[in-house]
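Engineer: Build me a model from this:
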Amino acid sequence: MLGRFSIRFRLTAWYSLSLAVVLGLLAVASYFAMRASMYRAVDVDLRFSLAGVAQFLKSQQGSTLSELPDEIGRKSTLGVLFQIFDDQGKLVYQSDGLASHHIKPVAPTASGTAIVYRETGPEGWPVRLAAQRVTFRGQPIVVEVAQPMRFHYASLREFATSLLISLPLLVVIAAFVGYWLSGRALAPVNRIVEDARAIDSHRLSQRLSVPAAHDELRRLSETLNSMLDRIEVSVTRIKQFTADASHELRAPVTLIQAAAEYTLRRERTREELVEAMEKILRESRRTSQLIDSLLLLARADADEEVLQPAPVCVDSVLRDAVDRAREFAAGKNIRLAAAISEDALHVNGEAALLERLFFVLIENGIKYTPENGSVSVALRSSPDEVVVEVSDTGIGIAPEDLPHVFDRFWRADKARSREMGGTGLGLSIAKWIVEKSGGTIRVESAVGHGSKFEIRFPKLQNDRTLTTSQS
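Structural biologist: So this is what the prediction gives:
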């Protein structure tokens, strides 16, 4: 029911309800504590009165039981309301105050020396009585003293009335104070809500205000700001990725369209038609490669590209990647050297993806290495790891560009990279394959001194024999 109201209202309601229950229990306990205290005080007075009457009766040893009423009437200065019964329960004496208020002389059931308490009397004049058996001239009698309770009950009713009036008043006052305090406590939440409403896809750089107090709301604001940081990075990457993908796709499509339109403007010789078709085919292949890479990364981002890792002989896969790259290296007159273990070194992964990883790195080194340069591939192992290194003597990477080499569509020289047929996605795919295979990848480079990519995989076996082959 309360769930439909605001947090402020619910906090106030629960606070007020809890306070009402606590005050109610305290009021009930206070009422009964005062009532018990009142009875204890009255009973103490009654015991003193019984002791006084008993002392008075001892002083009347010369009187008989039948003469006792007259003797009490002549000599008593006790100022106590009391009555006396003989051993058979017959009334011997009753104070005028009790008789005038029509207190029925009912013999109490006192036995031994124990004091017996009871209450009686008409509605307007209740009394509390205490009875005790004593001995008068060798005869057992029962003495009962009384104390009017009218003023005591009136005080108790006044106390109960004050509790009934003050309790709701206190709860109402506390509810207003609680509502005000909850508003003060939730004010930072309202600021967080206002700040959050102001943030949209065009203002992702804005952040929530952080309260000064080191409390839960501060931690909430800092957590939300951290989440906004991640969202901003992701959205920025998506926007950049979309823009780069659009640009990368637009370039080959524009070239294909321009080549086709130029060819159709007039009659062309066979050589001109072949040249145009080769240009169209080259751009079509590049576009197809780009689309395949985009689909792979999209499935990877959506966790749809589920890998099924199994023990893979990494040295065999690396040899296949080197063999594939030899023709490409020979075409640029680049020496490709490989130092690969002949023993089986196994890692967890998928053979096809690992071969693609190695080929991307080797191909990348060949692309950015000038003619007559060299690319080296090495496979080595340690007790816990298998390490693959791909080094080149190419143009290198500037220090400020190193943090971005694995970003999608990032290239230090976009125009030159496009001329070389790159899509800007190879190293992004390579890093994804390494991470999904449980490994790590890092790059070292300096402008004009080439680059070195190092991949480390957890090792599944420890055999290691190294041979070197060059071509």
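Engineer: going forward, measure contacts and count neighbours with C-alpha atoms only.
Structural biologist: Will do.
Engineer: what about the nearest residue to residue 108 once chain neighbours are set aside, helix or strand, and which?
Structural biologist: By the measure of Cα to Cα, 6 or more residues apart in numbering, the closest residue to residue 108 outside its immediate chain neighbours is residue 131, 6.7 Å from it. Counting by DSSP states H and E, the element that carries residue 131 is strand 127-136.
Engineer: re the thing from before, can you name the residues bridging to the residue nearest to residue 108?
Structural biologist: Each beta-bridge partner of residue 131 is listed here, defined by DSSP bridges: residue 116, residue 144.
Engineer: next one: residue 455
Structural biologist: When bridges are called by DSSP bridges, residue 455 pairs up with residue 388, residue 441.
Engineer: Use 783 as the first number for this chain going forward.
Structural biologist: With the count now opening at 783, the last piece we talked about shows up as residue 1237.
Engineer: Contacts only, for it.
Structural biologist: Under the criterion of Cα atoms under 8 Å, 6 or more residues apart in numbering, the neighbours of residue 1237 are 1169, 1170, 1171, 1216, 1221, 1222, 1223, 1224.
Engineer: Around the first one, how many other residues sit close by?
Structural biologist: Residue 1169 has 19 neighbouring residues, counting by other Cα atoms under 10 Å.
Engineer: okay, the residue lying closest to it once chain neighbours are set aside: pLDDT?
Structural biologist: Leaving aside its sequence neighbours, residue 1169 sits nearest to residue 1238 (Cα to Cα, 6+ apart; 4.6 Å). What the model reports for residue 1238 is a pLDDT of 92.
Engineer: wait, residue 1238 sits on residue 1222?
Structural biologist: Yes - Residue 1238 is within contact range of residue 1222, at 5.3 Å (criterion: Cα atoms under 8 Å).
Engineer: ok, now which ones touch residue 1228?
Structural biologist: By Cα under 8 Å, 6+ apart, the contact set of residue 1228 is 1178, 1179, 1180, 1181.
Engineer: dump the residue contacts of the third one.
Structural biologist: For residue 1180, the contact set (Cα under 8 Å, 6+ apart) comprises 1227, 1228, 1229.
Engineer: Distance to residue 839, secondary structure and pLDDT for these - can I get that in TSV?
Structural biologist: TSV is the format used below for those (distance: Cα to Cα, whole Å; DSSP: H, G, I helix; E, B strand; the rest coil; pLDDT from 0 to 100):
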residue	distance to residue 839	secondary structure	pLDDT
1227	121	strand	89
1228	123	coil	86
1229	125	coil	88
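Engineer: longest helix anywhere in this structure?
Structural biologist: Secondary structure of the chain per DSSP state H: the longest helix is helix 789-840.
Engineer: Domains in the protein, by residue range?
Structural biologist: Using automatic domain parsing, the domains assigned to the chain come out as 784-936, 998-1083, 1092-1252.
Engineer: and the shortest one, how far from the chain's centre?
Structural biologist: Same thing as domain 998-1083. Distance of domain 998-1083 from its chain centroid, counting by Cα atoms, centre = their mean, to the nearest Å, is 41 Å.
Engineer: Let me know the average pLDDT across stretch 926-937.
Structural biologist: Over the span of stretch 926-937, the pLDDT mean works out to 92.
Engineer: Over to stretch 907-920?
Structural biologist: The pLDDT scores in stretch 907-920 average 88.
Engineer: cool, and stretch 828-839?
Structural biologist: According to the model, stretch 828-839 has a mean pLDDT of 88.
Engineer: what's that stretch in contact with?
Structural biologist: Counting contacts by Cα under 8 Å, 6+ apart, the residues outside stretch 828-839 that touch it are 860, 862, 911-914, 916, 918, 925-929.
Engineer: Can you name the two of the residues you listed that sit furthest apart?
Structural biologist: 918 and 929 (23.3 Å; Cα to Cα).
Engineer: need the helices for the protein, in chain order.
Structural biologist: Under the criterion DSSP H, the chain contains helices at 789-840, 850-857, 878-882, 932-979, 998-1046, 1052-1083, 1096-1113, 1133-1149, 1196-1201, 1208-1218.
Engineer: and those helices, which one's lowest on average pLDDT?
Structural biologist: When I compare the helices of the chain, helix 1196-1201 is least confident, with a mean of 47.
Engineer: Which member of the contacts of residue 1228 is positioned nearest residue 933?
Structural biologist: Nearest to residue 933 out of the contacts of residue 1228 is residue 1181 (Cα to Cα; 97.3 Å).
Engineer: now residue 1025: how far from residue 1031?
Structural biologist: Distance from residue 1025 to residue 1031, counting by Cα to Cα, to the nearest Å: 10 Å.
Engineer: higher neighbour count, these two?
Structural biologist: When residue 1025 is set against residue 1031 and neighbours are counted by other Cα under 10 Å, the residue ahead is residue 1031, at 18 against 13.
Engineer: Touching, residue 1004 and residue 992? I think so.
Structural biologist: Yes - under the contact definition of Cα under 8 Å, residue 1004 touches residue 992, with a separation of 6.8 Å.
Engineer: which residues do those two both contact?
Structural biologist: Looking at what touches both residue 1004 and residue 992 (by Cα under 8 Å, 6+ apart), there is no common residue.
Engineer: could you list every residue that touches the closest residue to residue 1210 other than its chain neighbours?
Structural biologist: The spatially closest residue to residue 1210, leaving aside those adjacent along the chain, is residue 1188, at 4.8 Å (Cα to Cα, 6+ apart). Taking Cα under 8 Å, 6+ apart, we find residue 1188 in contact with 1209, 1210, 1213.
Engineer: and the residues you listed, which are buried?
Structural biologist: Neighbour counting over the contacts of residue 1188 (16 or more other Cα atoms under 10 Å) leaves 1209, 1210, 1213 as the buried ones.
Engineer: Can you give me every residue that contacts the second one?
Structural biologist: Under the criterion of Cα under 8 Å, 6+ apart, the contact partners of residue 1210 comprise 1188, 1189, 1190.
Engineer: picking up where we left off before, now do the residue nearest to residue 890 against residue 870, distance only.
Structural biologist: Distance from residue 913 to residue 870, counting by Cα to Cα: 15 Å.
Engineer: Same drill for these two, tell me which one is more crowded.
Structural biologist: residue 913 (28 against 10).
Engineer: isn't that one right up against residue 898?
Structural biologist: Yes - using Cα under 8 Å, residue 913 is in contact with residue 898, at 5.1 Å.
Engineer: what residues do the two have in common as contacts?
Structural biologist: Between them, residue 913 and residue 898 have 890, 892 as joint contacts when contacts are counted by Cα under 8 Å, 6+ apart.
Engineer: Which residues does stretch 926-938 contact?
Structural biologist: Among residues not part of stretch 926-938, those counted as contacts by Cα under 8 Å, 6+ apart are 813, 816-817, 820, 824, 828, 831-832, 862-866, 890, 906-914.
Engineer: Show me how far it is from its chain's centre.
Structural biologist: Here the centre of stretch 926-938 is set off from its chain's centre by 61 Å, with Cα atoms, centre = their mean.
Engineer: One more: stretch 793-804?
Structural biologist: With Cα atoms, centre = their mean as the basis, stretch 793-804 stands 26 Å off its chain's centre.
Engineer: for that stretch, which positions count as buried?
Structural biologist: Of the residues in stretch 793-804, those with enough neighbours to count as buried (16+ other Cα under 10 Å) are 793, 794, 795, 797, 798, 801, 802.
Engineer: Then stretch 814-827?
Structural biologist: Going by neighbour count (16+ other Cα under 10 Å), the buried part of stretch 814-827 is 816, 817, 820, 824, 825, 827.
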